[in-house]
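Student: dropping a prediction and its sequence here:
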Amino acid sequence: MRPTPRFLQIGTAGTVLVGVGVLAKAPVAVLGGIVLGCWLLVEQYTALRSFEQATERLDVDVSPVRTAAIVDEPLSVTVDATLTGPVDTAIEVAIDLPPGAEYGDGSPTLTLEPGETAASTTFSCSFPVAGEFAFPPATVTLANRRDTVTESVPHDPDQSVRIDPRRPRNLHVGQGGDRIDAYGEHPAGSGAAGLVPEEIRQYVTGDALNQIDWKATARLQAPHIREFETETSRQTVIAVDHRHTMDYGPDGQTMLDYAREVGLGYARAAESFDDPLGLYAIGDGGITVRRRPTSSARGYRHVRNALHDLAPTQAEGGAVDATSDRLSRPDATWSAARTLSNDDSAFAQTVAPFLADTDAYVHRIDSDPLFRAIRQLLAETSGDVWLVLLTADTGRNRLQDIASLVANEGGHLSLFLTPRVLFDAGAMDDVSAAYDRYADFESFRRTVARTPRTEVYEVGPGDRLDALLAARRRARQS
């Protein structure tokens, strides 16, 4: 407990009385000082008992109007303080915000006077960064009725709030400008086991007798069996590229923001199918988040939280921007070398040594953090893996290599690419040039999509893509 100024004043007065009484040999003054001292001791004891009672009866509830909000969005918070019974103590409750949060309107402090059993207040706050924030313990200040002593104790409200990044507008996921409305779903298989009837077909030799649908057989005058949808389960692993190259576009509308939305959509789909879900995040230095596939509710929540928390990393010293990839792939190099092998011209003799050396390309693959991370991911997972890779359309040779690697490992790849032209603020200044860039991307997308067990989609702002295609159509008509 802490003495208040009033306690100190009374204590000082008692001390003075005792001192004056001793010097003046006045027993009454000494007695008066002793009485004040005893009274202060009784006040302390009474206050201590009252404070203990108030602490036991007090409950503080901090209730945000929503458990999830957007960065910089005002969030209303209601604070309720209740006592199970009246106490002879004044109570003040002060609410502290999580680090980084800012107060808005209203007061985060409420007061219960002696005898009162309930009080409530509402204030607003905002969070400038995304993440999950827990409210720190409230500060409860207790004071006795005569305001001679006080005590401050913490009270944990056990309340947290999720702050999500600003979501990109008009998300487009599709192929060749055509939007798809659903992704992340997979068809169920067919067979005898299952719960949902799929079809009735005529009996053929080899079918199990217990599959025969006798009602259908009697109606159709021939043996028929009924097949059911079977529950299928696959491991979905989301790999998100959050290198510095994904930090392109307006604030809240970057390549990473759009890729994040697709990842969250896949996470929701995997949870609805009870599919094991994993997450790998790749920064400029390699893997930054590694969550192995799991189908637990906690695992799905951790994946969603990790996706929300992703931020672009910084390019490391000596890192090569993926947009500067100009090395030919080995298959193209070897093909050109074979073509020139029988050519005796001066040009062929000059170029042949460069075509014969593919070590530079192999070195670039090994040093590329995205390719290296995908190779490590495939080595750490087993079984039927459905890889969802979210990245930009830069470093195209490397993306072709990744698609081939996944196919060779027997996996299935859903590749979602953010075309840089859709995030270039000045692209629409020259519609013809912008469309040529998009057409070049679409040609690349189709090329990679020819890889076995590979699907390739475009991701970006739908309004910009629609405007680009519409402007191109108008230009052709004129």
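Tutor: Thanks, I have it. Numbers count the residues shown, from 1 in each chain.
Student: need the residue closest to the centroid of the chain.
Tutor: The centre of the chain sits closest to residue 308, judged by Cα atoms, centre = their mean, with a distance of 1.7 Å.
Student: and it, backbone torsions?
Tutor: Backbone geometry at residue 308, expressed as degrees, to the nearest 10, gives phi -60, psi -30.
Student: contacts only, for it.
Tutor: Residue 308 makes contacts with 130, 131, 162, 164, 165, 260, 264, as judged by Cβ atoms under 8 Å, 6 or more residues apart in numbering. Yep, even glycine has a C-beta here, placed from its N, CA and C like the rest.
Student: from residue 289, how far out is it?
Tutor: 12 Å (Cβ to Cβ, to the nearest Å).
Student: so where's the stretch 201-350 of the chain uncertain?
Tutor: 205-208, 210, 226-234, 316-350 (pLDDT under 70).
Student: what about the helices in it?
Tutor: Using DSSP state H, counting those that start in this stretch, the helices of the stretch 201-350 of the chain run over 214-220, 255-273, 297-309, 330-340, 346-356.
Student: I'd guessed residue 33 sits against residue 18; true?
Tutor: Yes: counting by Cβ atoms under 8 Å, residue 33 does reach residue 18; the two are 3.4 Å apart.
Student: the more surrounded of the two?
Tutor: residue 33 (21 against 18; other Cβ atoms under 10 Å).
Student: ok, now how distant is the more buried one from residue 41?
Tutor: Counting by Cβ to Cβ - residue 33 and residue 41 are separated by 13 Å.
Student: repeat for residue 66
Tutor: Relative to residue 41, and taking Cβ to Cβ, residue 66 is found at 50 Å.
Student: repeat for residue 54
Tutor: 20 Å.
Student: higher neighbour count, the two?
Tutor: Set side by side, residue 54 and residue 41 show more neighbours around residue 54, with 24 against 10, by other Cβ under 10 Å.
Student: name the residues that touch stretch 31-48?
Tutor: 1, 7, 10-11, 13-19, 21, 89, 144, 146, 148-149, 151.
Student: likewise for stretch 435-455?
Tutor: The contact list for stretch 435-455 (Cβ under 8 Å, 6+ apart) reads 175-176, 393, 396, 399-400, 403-404, 406-407, 411-415, 417, 419-422, 427, 456-458, 465, 468-469, 471-472.
Student: what domains does the record give for this protein?
Tutor: Listed by automatic domain parsing, the domain ranges of the chain are 57-164, 171-179+233-477, 189-230.
Student: dump those domains to CSV, plus distance to residue 49.
Tutor: Shown next, in CSV, are the domains of the chain (distance: least, Cβ to Cβ, whole Å):
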stretch, distance to residue 49
domain 57-164, 9
domain 171-179+233-477, 44
domain 189-230, 64
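Student: before we move on, back to that, can you flag which of the contacts of stretch 31-48 belong to strands?
Tutor: In strands, judged by DSSP state E, the following of the contacts of stretch 31-48 are found: 89, 144, 149, 151.
Student: tell me which residues form a beta bridge with the third one?
Tutor: Put plainly, it is residue 149. In this entry, residue 149 is beta-bridged to residue 3, by DSSP bridges.
Student: could you do the one 5 residues further on as well?
Tutor: The partner list for residue 154 in beta bridges (DSSP bridges) reads residue 139.
Student: list the contacts for it?
Tutor: Residue 154 makes contact with 137, 138, 139, 140 under the criterion Cβ under 8 Å, 6+ apart.
Student: how near is it to residue 56?
Tutor: 15 Å.
Student: again, but for residue 469
Tutor: 69 Å.
Student: if you count what's nearby, which of these two comes out ahead?
Tutor: residue 469 (15 against 11).
Student: need the pLDDT of the more buried one.
Tutor: Residue 469 carries a pLDDT score of 87 in this model.
Student: wait, a helix at it?
Tutor: Yes: when DSSP: H, G, I helix; E, B strand; the rest coil is applied, residue 469 is found to be in a helix.
Student: isn't it right up against residue 179?
Tutor: No: Residue 469 is beyond contact range of residue 179, at 11.5 Å (criterion: Cβ under 8 Å).
Student: hmm, which of the contacts of stretch 435-455 are the buried ones?
Tutor: 393, 396, 399-400, 403-404, 406, 411-415, 417, 419-422, 427, 456-458, 465, 468, 472 (16 or more other Cβ atoms under 10 Å).
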